[in-house]
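K.L.:
Predicted model, plus sequence, below.
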Amino acid sequence: MIDHVTVAVSDLAASKLFYEKAFVPLGYQLSFGEEGVFWAFNIGDGLFEIMQAASPGPLTRVHVAFRAKSHAQVDAFYQAALAAGAADNGAPGPRPAYTPNYYAAFVIDPNGYNIEAMIDEAADAG
């Protein structure tokens, strides 16, 4: 399942206002973000995120994060993606700046998009 999708926008403030209004009929609401950088909207089972196109960092114009079921699955995704021709954009590991239990790996696919496998649960037992 997709956990979150991030798209780059040319005017973050205008896009935030647009989505705040457009999502009302769907029951989606602003969840969190950082002024001038990005905003995340809770869309039920995942997040829809917008980011300022000129933001520095590892994100590309399109970023998709897929939910994994274990840390081992994140690791396996990363290795399989590299073997299939992806470029490294962040080796598997904890990302405590996101949440305390966030564990993810990032690759750049053949089209230049940032693709992530992630899990936001405590480490697997055993």
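P.N.:
Right, received. Where do you want to start? Owing to the predicted nature of the structure, the values given are computational and were not obtained by experimental measurement.
K.L.:
Going by C-alpha atoms from here, please, whenever you check contacts or count neighbours.
P.N.:
OK.
K.L.:
Helices along this protein, start to end?
P.N.:
12-22, 71-83 (DSSP state H).
K.L.:
need those helices in CSV with distance to Pro94, mean pLDDT and mean neighbour count, can you?
P.N.:
As requested, those are exported to CSV (distance: least, CA to CA, whole Å; pLDDT from 0 to 100; neighbours: other CA atoms under 10 Å):
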stretch, distance to Pro94, mean pLDDT, mean neighbour count
helix 12-22, 28, 93, 15
helix 71-83, 9, 95, 18
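K.L.:
who wins for proximity to Tyr103 among the ones you listed?
P.N.:
Relative to Tyr103, the nearest member of the helices of the chain by CA to CA is helix 71-83, separated by 6.9 Å.
K.L.:
low pLDDT regions in the protein?
P.N.:
55-59, 124-126 (pLDDT under 70).
K.L.:
just to revisit the earlier point, put together JSON lines for the helices of the chain, with distance to Gly33 on each row.
P.N.:
Listed next are the helices of the chain as JSON lines, based on distance: least, CA to CA, whole Å:
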{"stretch": "helix 12-22", "distance to Gly33": "10"}
{"stretch": "helix 71-83", "distance to Gly33": "25"}
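K.L.:
Select, out of those, the one closest to Pro92.
P.N.:
helix 71-83 (5.8 Å).
K.L.:
And for that closest one, what's in contact with it?
P.N.:
68, 88, 91-92, 103-107, 109, 117-119, 123-124 (CA atoms under 8 Å, 6 or more residues apart in numbering).
K.L.:
The same query, at a cut-off of 10 Å, please.
P.N.:
66-68, 70, 84, 86-94, 102-109, 115-124 (CA atoms under 10 Å, 6 or more residues apart in numbering).
K.L.:
Domains in the chain, by residue range?
P.N.:
2-52, 62-120 (automatic domain parsing).
K.L.:
For Leu12, give its distance to Phe23.
P.N.:
The spacing between Leu12 and Phe23, counted by CA to CA, to the nearest Å, is 16 Å.
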